[in-house]
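Participant: dropping the sequence and predicted coords here.
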Amino acid sequence: MNPDIVKERQNATFNVEKLTNILDGSPEKTRRRREIESMVLNDPDFQEQDPNFLSRSERYDQAVRKSAQMILKLREFGISDPDEIYYYKNCVHPDRPEPLDLHLGMFLPTLLNQATPEQMDRFFTPAWNLQIIGTYAQTEMGHGWWRCSQRASCSATTPTVLPALTSEDWRPQATFDPATQEFVLNSPTISSIKWWPGGLGKTSNHAIVLAQLHTQGNCHGLHAFIVPIRDMDTHVPLPGIVVGDIGPKFGFSEVDNGFLKLENVRIPLDNMLMKYAKVEPDGTYVKPPSAKLTYGTMVFIRSMIVGQSALALAKSCTIAIRYSAVRHQSELKPGEPEPQILNFQTQQHKLFPVLATAYAFTFVGQYMKQTYNRISGDIHEGDYSGLPELHALSAGLKAFTTWAANGAIEVCRMSCGGHGYSRSSALPDIYVEFTPTCTYEGENTVMMLQTARYLLKSYSQARGGQQLQGSVSYLSRLQPQPVSAGVPPLNIQDLASLVQVYQLRAANLVELAATSIQQELQLRHSQEDAWNSSAIDLVRASDAGLLSVPQALQVSAHIKELLIQLRPNAVALVDAFDLNDKKLNSVLGRYDGNVYEHLFEWARHSPLNASEVPPALTIIVIIKHNQLIGSFFPRSTSLSTST
Ligand SMILES: CCCCCCCCCCCCCCCCCCC/C=C/C(=O)SCCNC(=O)CCNC(=O)[C@H](O)C(C)(C)COP(=O)(O)OP(=O)(O)OC[C@H]1O[C@@H](n2cnc3c(N)ncnc32)[C@H](O)[C@@H]1OP(=O)(O)O
Ligand SMILES: Cc1cc2nc3c(=O)[nH]c(=O)nc-3n(C[C@H](O)[C@H](O)[C@H](O)COP(=O)(O)OP(=O)(O)OC[C@H]3O[C@@H](n4cnc5c(N)ncnc54)[C@H](O)[C@@H]3O)c2cc1C
C-alpha cells in the first residue's frame, strides 16, 4: 500500500462503511451488491483480455461471449430483479456498453409497457430466455425525431396521399393490408433507413421498429411494430431485410450499432404493439388513451441515465483524487519535499466540486428512479396525470446531468496530467462511452426545450391563479422580480436560503422566456417562429444561480474555506463509493495507490512490445543499410547515410 494513501485514510474523520451504506440505501443492500460483484469478478468465465489491446472485431467477439455467459449465469443464480441484473451486467462489462444493452434496456421494457398479454407470451417469454434477441429502432439516417403534426406527410387525420410531397418527407411506413391481415413495411428513401440502433448490426434477430401507421388511407403517426429481422435458426437476414453494422465510432466498440432497410417486409397484424393503440382486422384504427405512451421507454432510459451520470462522475473523481494523493510535483517551499498534488488549491478547486456533484447526482438519480417508479405505477393503473411532469423532469435532468458529467470527466482526466491521457487511466474510455448520453435518448438541447415547454405551460397556469404542485410549485409561490428590485438576501451557509435563490432565479428565467415569446409573437405572428426565436431563453429557463457581485465574492471565499475543510476527507469520500479495482479498471485509481509499478507493467503488455523489432521496422533497417536506395530513390536524391 502506498504510504501517502494510507495516511489519507488514517486522517479521515468519518466511518467510510456507514457512508457506503447510505449511498447503497442500507447495509443489506451493500452486502448484496458486494455479493453480486464477487460472483462476477471471481468467476473465471468472465476473465477477459484487456480490450485496450484488441481490435474492434475482437472486442465485439469477446463482449458477445461474456454476454452469453452472463445470461446463463443470471438464470443459474436466479437473478431476475432489474436492479440486480443491471448491477451484474455492469460488473461483467465494466464501463463498457455491450451488444445486449438494447435487448435488456429497451426491447424488454418496451414489451412490458406496450405489449398485450398475448404478445407478452409470444415475445417477452422467448426474449427473456434469449431465443429472441431484440433492439429498438427509432432513429433514421435523416431524422433523430419526428414532429408528425407539422409534417404534410403525416398527421393523425390527413390522408396518406398528399400533393407536393418530396421523397425526403417520407419516413418508414407500415401500411395495413386487410386482404392478408398483414402490415407491409418499407423504407422508401435512403434517409428513412434506420440508423444507430445498438445490437442491430449483427446481434439481434428482432427489432421494435418505429414507423408511420397507414390504414384505410389515413396516416396515424408513429407506432411500434415487432419485426423479425433474422432467421431464428440460421441467424441469416430474412427476405426484404437489408441489415448491417454502421462502422467504427468514437467509442461503443463492443456495440454493433446498425442500419436497417425494409423492402416490402410483411408482418402479421398482431405484431403491432397494441396495449394502447389498436388496428382492427378491418383496418379501423383505435386511438390510444394518450398518444404520448409510445414514448414511454425513452422516459425509462432517460430516468436511468441520471444515475449513470452519477456513476461516471464517481468513477472519474475516484481515479483523479486517489492519483492526486500519491502524485508529487514541484516544491512549494525551497528545500522541502514535493507536495502531493492534491494539496494545490487549484487541484482541489478542479476536483472537489466534481466530488460534490457525484454525491448530489447519486441522490438525484435515486429521486428520479423513485419518481419514475411511482408515476409509471400510476400509469399502469390508468392514471396518466403524472406523465407530463415525469417527461419534463426526466428529459431536463437527463440533459442537465449528462452535460455536467461530460465536462467534469474531462476535468478529471486533465487533472491527471499526461497519465490521464493514457488509456491505462480508464478516463479516456469513461469519456468516450459516456459522452453519447448527451445525444442519445433525445439530444440534450431538444430535451431542454421539452422541459421548457412544460415550464411555460405551468407558468401560464400559475399566472392564471392555479396552485401548482410538485416540482413546479415554486412558480405559484414566487413572484418573479424585475431586475430593478435588486438581488434577494442570501445566507450562503443555509441550504434553505440557497434553494430559495435558485427557485427565484428559475422563476425569473421562465418569465424571461415567456416575455420573449410574447414579444416575438407580436413581431412574427406565428407561435412556432416565436418559439424558435426564444429558444436560447427557453433552454436557459430549464437550467437554473441570481447573485450580486458582493454575494458572488462571498461565495468564492466560502468555497476556498470548504476546500480546506474537505481536504482531509477527500480520499475517504471517494472510497465510500466502494468501486472495486477490477470494476474501476484504472492504473491511476488503484485502491492501494501503487501507480508507477503497475503503469510500467501495463505498458509492457502493449502489442507493440511483442517483439523487440516489429516486422514493419525491417524496412527501415534495410534502408539504413542502403540496400534499397537505388531502387526507391533517383540517384540525385539518394539519402546520405553514415553507414
Ligand atoms: C424489464 C425487464 C428487463 C429487465 C432488465 C433490466 C436490466 C437493465 C439493464 C439495462 C441495460 C441498460 C443499458 C441501456 C443502454 C441504453 C443505450 C441507449 C441507446 C440509445 C437509444 C436511443 O437513442 S433510442 C432513440 C431515442 N430517440 C429520442 O429520444 C428522440 C428524441 N425526440 C423526442 O423525444 C421528441 O420530442 C418526440 C419525438 C418524442 C416528440 O416530438 P414532437 O415534436 O412530436 O412532440 P412535441 O414537442 O410537439 O410534443 C408533443 C407532446 O408530447 C409530449 N411528449 C413528448 N415526448 C414525451 C414523452 N417521452 N413522454 C411524455 N410526453 C411526451 C410533449 O410534452 C407534448 O406535450 P403537450 O401536452 O402537447 O405539451
Ligand atoms: C452511441 C449511440 C447509440 C444510439 N443508439 C440508438 C438506438 O439504439 N436506437 C435508436 O433508435 N437510436 C439510437 N441512437 C440515435 C440517437 O437517438 C440520436 O442520434 C439522437 O436522438 C439525436 O438525433 P440526431 O442524431 O438526429 O440529431 P439531430 O436532431 O440531427 O441534432 C443535430 C443538432 O440539431 C439540433 N436540433 C435538432 N432539433 C432541434 C430543435 N427542435 N430545436 C433546436 N435544436 C435542434 C440539436 O440540438 C443538435 O445540435 C444512438 C446514437 C448514438 C450516438
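Facilitator: Cool, got the structure. Please read these numbers as outputs of a predicted model, since none were measured by experiment. Ligands and ions are numbered 1, 2, ... in the order given.

Participant: enumerate the positions of stretch 12-21 that are buried.
Facilitator: Buried residues in stretch 12-21, defined by neighbour count with 16 or more other Cβ atoms under 10 Å: 12, 16, 19-21. Every C-beta, even on glycine, is put in place using the N, C-alpha and C of the backbone.

Participant: once you drop chain neighbours, what's closest to the residue of the stretch 101-250 of the chain found nearest ligand 1?
Facilitator: Nearest residue of the stretch 101-250 of the chain to ligand 1 (Cβ to the nearest ligand atom) works out as Gly105 at 2.8 Å. Take Gly105 and drop its neighbours on the chain: the residue closest to it by Cβ to Cβ, 6 or more residues apart in numbering is Ile301, 6.2 Å away.

Participant: give me the three-state assignment for that neighbour.
Facilitator: helix (DSSP: H, G, I helix; E, B strand; the rest coil).

Participant: contact partners for it?
Facilitator: Residues near Ile301 by Cβ atoms under 8 Å, 6 or more residues apart in numbering: 105-106, 441.

Participant: make JSON lines out of these and add secondary structure and pLDDT.
Facilitator: Formatted as JSON lines, the contacts of Ile301 follow (DSSP: H, G, I helix; E, B strand; the rest coil; pLDDT from 0 to 100):
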{"residue": "Gly105", "secondary structure": "helix", "pLDDT": "95"}
{"residue": "Met106", "secondary structure": "helix", "pLDDT": "97"}
{"residue": "Glu441", "secondary structure": "coil", "pLDDT": "96"}
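
Participant: distance to ligand 2 for those - can I get that in a markdown table?
Facilitator: Formatted as a markdown table, the contacts of Ile301 follow (distance: Cβ to the nearest ligand atom, whole Å):
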| residue | distance to ligand 2 |
| --- | --- |
| Gly105 | 9 |
| Met106 | 7 |
| Glu441 | 6 |
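
Participant: compare the residues you listed and tell me which is most surrounded.
Facilitator: Across those, neighbour numbers were computed from other Cβ atoms under 10 Å; Glu441 holds the maximum, 26 neighbours.

Participant: that residue contacts Ser303, doesn't it?
Facilitator: No: counting by Cβ atoms under 8 Å, Glu441 sits too far from Ser303 to count as a contact (10.0 Å).

Participant: overlap of the contact sets of those two?
Facilitator: Lys398.

Participant: the closest residue to His598 other than its chain neighbours: neighbour count?
Facilitator: Closest residue in space to His598, ignoring its immediate chain neighbours: Val587 at 4.9 Å, by Cβ to Cβ, 6+ apart. Residues lying near Val587 (other Cβ under 10 Å) number 25.

Participant: checking Val587 next. Helix, strand or coil?
Facilitator: coil.

Participant: I'd say it and Tyr596 touch.
Facilitator: No: Val587 lies out of contact with Tyr596 (Cβ under 8 Å); the separation is 9.1 Å.

Participant: any idea how far ligand 2 is from the residue nearest to Gly105?
Facilitator: Note on Ile301: its distance to ligand 2, by Cβ to the nearest ligand atom, to the nearest Å, is 10 Å.

Participant: and the stretch 1-150 of the chain, which residues reach ligand 2?
Facilitator: Within the stretch 1-150 of the chain, the positions adjacent to ligand 2 are 102, 136-139, 143-145 by Cβ under 6 Å from any ligand atom.

Participant: how about the chain?
Facilitator: Near ligand 2, when you scan the chain using Cβ under 6 Å from any ligand atom, you find 102, 136-139, 143-145, 196-198, 252, 257, 436, 439-440, 442-443, 445-446, 449, 535.

Participant: residues in contact with the residue in the stretch 51-200 of the chain that ligand 2 sits nearest to?
Facilitator: Nearest residue of the stretch 51-200 of the chain to ligand 2 (Cβ to the nearest ligand atom) works out as Gly144 at 2.0 Å. With contacts defined as Cβ under 8 Å, 6+ apart, Gly144 is in contact with Glu443.

Participant: does it belong to a helix, a strand or coil?
Facilitator: Assignment for Gly144 (three-state DSSP): coil.

Participant: just the pLDDT for it.
Facilitator: Per-residue confidence at Gly144 stands at 82 (pLDDT).

Participant: stretch 435-444 vs ligand 1: in contact?
Facilitator: Yes: counting by Cβ under 6 Å from any ligand atom, ligand 1 has neighbours in stretch 435-444: 440-442.

Participant: can those residues go into JSON lines with extra columns for distance to Ile241?
Facilitator: Shown next, in JSON lines, are these (distance: Cβ to Cβ, whole Å):
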{"residue": "Tyr440", "distance to Ile241": "23"}
{"residue": "Glu441", "distance to Ile241": "25"}
{"residue": "Gly442", "distance to Ile241": "27"}
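
Participant: for the stretch 301-450 of the chain, which residues are neighbours of ligand 1?
Facilitator: 301, 387-388, 391, 440-442, 446, 450.

Participant: same thing but 5 Å
Facilitator: Residues of the stretch 301-450 of the chain lying close to ligand 1 (Cβ under 5 Å from any ligand atom) are 391, 440-442.

Participant: and the residues you listed, which two are furthest apart?
Facilitator: Pairwise distances across those (Cβ to Cβ) peak at 16.8 Å, for the pair His391 and Tyr440.

Participant: more crowded one of the two?
Facilitator: The neighbour count for His391 versus Tyr440, taken as other Cβ under 10 Å, is higher for His391 (22 against 19).

Participant: what residues are up against the more buried one?
Facilitator: The contact partners of His391, taken as Cβ under 8 Å, 6+ apart, are 292, 295, 299, 450, 454.

Participant: 10 Å - rerun?
Facilitator: Applying Cβ atoms under 10 Å, 6 or more residues apart in numbering to His391 gives the contacts 292, 295-296, 298-299, 302, 375, 447, 450-451, 453-454.

Participant: for Ala207, grab phi and psi.
Facilitator: Main-chain torsions, Ala207, degrees, to the nearest 10: phi -140, psi 140.

Participant: counting neighbours, what do you get for it?
Facilitator: Neighbour tally, Ala207, other Cβ under 10 Å: 28.

Participant: surely it and Gly201 touch.
Facilitator: No: using Cβ atoms under 10 Å, Ala207 is not in contact with Gly201; the gap is 11.2 Å.

Participant: quick check, central residue of this protein?
Facilitator: Thr437 (3.0 Å; Cα atoms, centre = their mean).
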